[in-house]
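Engineer: got a structure for you, letters missing:
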Ligand code: SF4
């Protein structure tokens, strides 16, 4: 969870959920979004359909607050609904950017919710505006809505495919019309999307399996990269209208974003994180008295590290889960206290000991610096930092909010420079091959990497048209576009 005081972690991205042909669709979506709250805490929305009309409710803040009113839920009555939790990675956080987006198009109502970022949204938007399209939001997702609206194809599925062929970037989408619900992923499958079903065979789409668990749905399978799954009166239809390049799933979902109780792309997130900790221990184990995780995402890796080294594991840092977003004015002085609002040292577990701290990543380095200081203040004799990811040297353009490259500590410092910055006695990161081994691979295949790992390598698998400048320049390398 991110708070205004925590400016040193990669922000979560977005979560999506959809259910069709269920009498209580919107309440199930609200529950699903609640389980996906870790993926976005800024805003939430649901669009439902009752057979005659679409209803929408969008609000800033957490799911529980957005959908606590009985009236809101009653107004969302219907047999199909899609929903979204948002952390803004593109477009300001204002109500008109909150998803799902909805428009009345020539063929009827169309609602869409998006996890990811389009990397040619600005170029497409300029083109669409020139042809007379009027945008209501600054969200990249609205580009898809306009592409569907202006497509010359005859039916909604062909219009959607037409739209997807023009967009670049990372996307998992759920869409709703008056006759069908659709779930789809980009051709490289960068962002996750799973399918599940309730006991009565109701089909559900969700960003992660933890959102299936909360409503008692069974996991069926991942929506495949480049696949469009359609749920309608005719049953379930799978389309694969695009070229099938090798998938490049976001490796950071496993390190940090996904909930540890989710199974992502066939792998238990919890197990992967423990494997990462064990690899990290094999690569850079150290003589110490106690292994302490930086909660929460460092916990499974610290368990793996401790098991591999035999060093006792203790909860030496306790996290306050109830740090509100607005309970106190975020003045600069309060911001400086940030890490103490969120974390506190458990002194008896630390005093007089040589401590290994395990965290998931270092972004700007400011939180690591404060945590190392906090552990020293609690009486640690030595503080050794171990990081369950390689150095984050590049920004993400595929739906994860990362600072500018110049703000990333690893982009401007080598490991020794980073160690000095965070004032640890030693600092080590898992190697890239070690990370891939923890994922069950022999190592990273440099000719054909098995995952997106661009924030560690700069090897961006999807073209960055907007960021390179120019209008959809066809000559750029790494151009991955949906093709027929
Ligand atoms: Fe994930 Fe990093 Fe790739 Fe972004 S750049 S999709 S965070 S691996």
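Structural biologist: Arrived safely, thanks for sending. Keep in mind that what you see is a predicted model, and the values were worked out from it rather than measured.
Engineer: Who does the residue in the stretch 101-250 of the chain positioned nearest to the ligand form a beta bridge with?
Structural biologist: As assessed by CB to the nearest ligand atom, the ligand sits closest to residue 250 within the stretch 101-250 of the chain, at 3.2 Å. (Glycine included, C-beta is placed from N, CA and C.) Applying DSSP bridges to residue 250 gives these bridge partners: residue 452.
Engineer: Neighbours of it, how many?
Structural biologist: By the criterion of other CB atoms under 10 Å, residue 250 has 28 neighbours.
Engineer: That one touches residue 186, doesn't it?
Structural biologist: No. Applying CB atoms under 8 Å, one finds residue 250 not in contact with residue 186, separated by 10.9 Å.
Engineer: Common neighbours of those two, please.
Structural biologist: Any residue near both residue 250 and residue 186 by CB atoms under 8 Å, 6 or more residues apart in numbering counts here, and that gives residue 170.
Engineer: so which strand or helix has the residue of the stretch 251-400 of the chain found nearest the ligand?
Structural biologist: Nearest residue of the stretch 251-400 of the chain to the ligand (CB to the nearest ligand atom) works out as residue 396 at 3.0 Å. Counting by DSSP states H and E, no helix or strand carries residue 396.
Engineer: list the contacts for the residue nearest to it when sequence neighbours are not counted?
Structural biologist: Nearest residue to residue 396, sequence neighbours excluded (CB to CB, 6 or more residues apart in numbering): residue 402, at 4.7 Å. Taking CB under 8 Å, 6+ apart, we find residue 402 in contact with 10, 363, 392, 395, 396, 408, 455.
Engineer: Of those residues - the most surrounded one?
Structural biologist: residue 455 (30 neighbours).
Engineer: now that one: how far from the ligand?
Structural biologist: Distance of residue 455 to the ligand, computed by CB to the nearest ligand atom, to the nearest Å: 3 Å.
Engineer: so that residue makes contact with residue 393?
Structural biologist: Yes. Using CB under 8 Å, residue 455 is in contact with residue 393, at 7.3 Å.
Engineer: Residues of the stretch 351-484 of the chain that sit close to the ligand?
Structural biologist: By CB under 6 Å from any ligand atom, the residues of the stretch 351-484 of the chain that approach the ligand are 396, 398, 400, 452, 453, 454, 455.
Engineer: from what I can see the third one touches residue 257, true?
Structural biologist: Yes. If you go by CB under 8 Å, residue 400 and residue 257 touch, sitting 7.2 Å apart.
Engineer: Give the other helices and strands that the strand or helix carrying residue 355 contacts.
Structural biologist: Assigned by DSSP H and E, residue 355 belongs to strand 354-359. The contact analysis (3 or more CB pairs under 8 Å, 6 or more residues apart in numbering; DSSP states H and E) places strand 354-359 against strand 290-293, helix 299-309, helix 366-377, strand 382-387.
Engineer: circling back: between all of the residues of the stretch 351-484 of the chain next to the ligand, which two are separated the most?
Structural biologist: 400 and 453 (12.5 Å; CB to CB).
Engineer: Have a look at the two and say which one is more surrounded.
Structural biologist: Set residue 400 next to residue 453 and count neighbours by other CB under 10 Å: residue 400 wins out with 25 against 22.
Engineer: Now find how far off-centre the biggest helix by length in the chain is within its chain.
Structural biologist: Criterion DSSP state H: the longest helix present in the chain is helix 269-284. The chain centre lies 21 Å from the centre of helix 269-284; the measure is CA atoms, centre = their mean, to the nearest Å.
Engineer: mind listing what's buried in that helix?
Structural biologist: Across helix 269-284, burial judged by 16 or more other CB atoms under 10 Å covers 269-281, 284.
Engineer: can those residues go into JSON lines with extra columns for pLDDT and distance to residue 211?
Structural biologist: Output for those, formatted as JSON lines (pLDDT from 0 to 100; distance: CB to CB, whole Å):
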{"residue": "269", "pLDDT": "97", "distance to residue 211": "13"}
{"residue": "270", "pLDDT": "97", "distance to residue 211": "16"}
{"residue": "271", "pLDDT": "98", "distance to residue 211": "19"}
{"residue": "272", "pLDDT": "97", "distance to residue 211": "19"}
{"residue": "273", "pLDDT": "98", "distance to residue 211": "19"}
{"residue": "274", "pLDDT": "98", "distance to residue 211": "23"}
{"residue": "275", "pLDDT": "98", "distance to residue 211": "24"}
{"residue": "276", "pLDDT": "98", "distance to residue 211": "24"}
{"residue": "277", "pLDDT": "98", "distance to residue 211": "26"}
{"residue": "278", "pLDDT": "98", "distance to residue 211": "28"}
{"residue": "279", "pLDDT": "98", "distance to residue 211": "29"}
{"residue": "280", "pLDDT": "98", "distance to residue 211": "29"}
{"residue": "281", "pLDDT": "98", "distance to residue 211": "32"}
{"residue": "284", "pLDDT": "97", "distance to residue 211": "35"}
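Engineer: and residue 143, which of the helices and strands packed on strand 354-359 is closest to it?
Structural biologist: That would be helix 366-377 among those, by CB to CB, at 34.3 Å.
Engineer: May I see the buried residues of that closest one?
Structural biologist: Judged by neighbour count using 16+ other CB under 10 Å, the buried positions of helix 366-377 are 366, 367, 368, 369, 370, 371, 372, 374, 375, 376.
Engineer: can you pull the pLDDT of the third one?
Structural biologist: Reported pLDDT at residue 368 in the predicted model: 94.
Engineer: and it, what is it in contact with?
Structural biologist: Counting by CB under 8 Å, 6+ apart, residue 368 touches 8, 359, 362, 385, 422, 424.
Engineer: The second one touches residue 294, doesn't it?
Structural biologist: When you say that, I think you mean residue 359. Yes. Using CB under 8 Å, residue 359 is in contact with residue 294, at 4.0 Å.
Engineer: which residues are common contacts for those two?
Structural biologist: Common neighbours of residue 359 and residue 294, using CB under 8 Å, 6+ apart, are residue 371.
Engineer: For the stretch 151-300 of the chain, which residues are neighbours of the ligand?
Structural biologist: Applying CB under 6 Å from any ligand atom, we find that the stretch 151-300 of the chain lies next to the ligand at 190, 250, 251, 252.
Engineer: Distance to residue 59 for the helices and strands packed on strand 354-359 - can I get that in TSV?
Structural biologist: Listed next are those as TSV, based on distance: least, CB to CB, whole Å:
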stretch	distance to residue 59
strand 290-293	34
helix 299-309	31
helix 366-377	29
strand 382-387	36
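Engineer: ok, back up a step: show me which of the buried residues of helix 269-284 is closest to residue 416.
Structural biologist: residue 284 (13.7 Å).
Engineer: and residue 21, backbone torsions?
Structural biologist: When read as degrees, to the nearest 10, the backbone of residue 21 gives phi 60, psi 50.
Engineer: How about the contacts made by it?
Structural biologist: For residue 21, the contacting residues are 79, 80, 202, 203, 231, by CB under 8 Å, 6+ apart.
Engineer: any idea of the pLDDT on residue 480?
Structural biologist: Per-residue confidence at residue 480 stands at 36 (pLDDT).
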